[in-house]
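Chemist: Here you go, sequence then predicted model.
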Amino acid sequence: MPAPTSPADLFRHSLRLLLDKDIPAWVALWAEDGVMEFPFAPDGWPRLLEGKEAVAAYMRHYPDHIDLHDFPELRIHQTTDPQTVVVEMRGVGRLVESDAPFDMTYIAVVTVRDGHFTSYRDYWNPLAVQEPGADFTGSSR
């Protein structure tokens, strides 16, 4: 079954894949030259991932560290660009290493072309990743 092509539907589909811990399928939603940005990333964490392979490497071990259970409070806003949406959401679950609760609020600005993510700016709270077991990126901090 092909992935949805509208930005909002593709984003909803991507969240289902994250909940299913299907990182390869999630990465497959990316354009080869897609860019993921983290404007609020703390020191030692990546601020820019260029290309599908960089996104894949970043996300590869995500489910080993963060066990997502739900994305409550999902709100997707259409912009004046029909290929771009602004997303407000919470991700809730637990940190695998410590079994501590995980609760993160995000705002993302996402652009889709030809049914693939081309740009994803992810705004999240950098203080939340100071919890033991939250660092799935192998950062240098």
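Modeler: Done, it's in.
Chemist: surely Asp64 meets Val96?
Modeler: Yes. The pair Asp64 / Val96 is scored as a contact, 6.2 Å apart, by C-beta atoms under 8 Å. For every residue, glycine as well, the C-beta is placed using N, CA and C.
Chemist: secondary structure class for Ala31?
Modeler: strand (DSSP: H, G, I helix; E, B strand; the rest coil).
Chemist: Could you tell me how many residues sit around it?
Modeler: 18 (other C-beta atoms under 10 Å).
Chemist: who's in contact with the nearest residue to it once chain neighbours are set aside?
Modeler: Nearest residue to Ala31, sequence neighbours excluded (C-beta to C-beta, 6 or more residues apart in numbering): His116, at 4.0 Å. Residues in contact with His116, defined by C-beta atoms under 8 Å, 6 or more residues apart in numbering, are 10, 29-31, 34.
Chemist: Show me what His116 is bridged to.
Modeler: Note on His116: beta-bridge partners by DSSP bridges are Arg113.
Chemist: With Val27 as the reference, measure out to it.
Modeler: 11 Å (C-beta to C-beta, to the nearest Å).
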